[in-house]
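This is the structure alone, sequence omitted:
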């Protein structure tokens, strides 16, 4: 069985880089780095799927709607990718929760395009030293 790798999420909602050599998980660092504008859904819970190392360097672009309750719905894969990778990413994003976009003080559904890049996220000695 191939070694598993976690997924780092690069979202068009505002993340540029996630510091991996810190005591924070990549999910926590990602959440802290997201834009928090009222007009866009803001992730509050993210789940990174575990995928095989063969997918390191791959990218998946998802399209979905964050409904007024903060749940992602109507997920579809925009980019051509391996079916197993697409399934793992979709299954993980279905578990995400968002603060919904707001319009005139009310939560509203909003379309999201989520580019996801698979990176190698093996723990380093620095990661263990900081815990």
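That came through fine. Predicted model only: the values in this text are computed from it and were never measured. Numbers count the residues shown, from 1 in each chain.

what helices or strands is the longest helix belonging to the chain leaning on?
Ranked by residue count and defined by DSSP state H, the top helix of the chain is helix 83-93. Where contact means 3 or more Cβ pairs under 8 Å, 6 or more residues apart in numbering; DSSP states H and E, helix 83-93 is packed against strand 50-52, strand 59-66, strand 72-77, strand 110-117. Every residue, glycine included, has its C-beta placed from N, CA and C.

tell me which residues in whichever helix or strand comes after it are buried?
Per DSSP states H and E, the first helix or strand lying C-terminal to helix 83-93 is strand 97-99. Residues of strand 97-99 classed as buried under the neighbour-count rule (16 or more other Cβ atoms under 10 Å) are 97-98.

what mean pLDDT does strand 97-99 have?
Taken as a whole, strand 97-99 has an average pLDDT of 93.

swap in stretch 119-126?
Here the average pLDDT along stretch 119-126 is 58.

can you check stretch 54-63 too?
Stretch 54-63 shows a mean pLDDT of 90 in the predicted model.

contact partners of that stretch?
2, 5, 75-79, 81-82, 85-86, 89-90, 93, 111-120 (Cβ atoms under 8 Å, 6 or more residues apart in numbering).

what does stretch 82-92 give?
So stretch 82-92 is contacted by 7, 47-51, 55, 58, 60, 62, 75, 77, 116, 118 (Cβ under 8 Å, 6+ apart).
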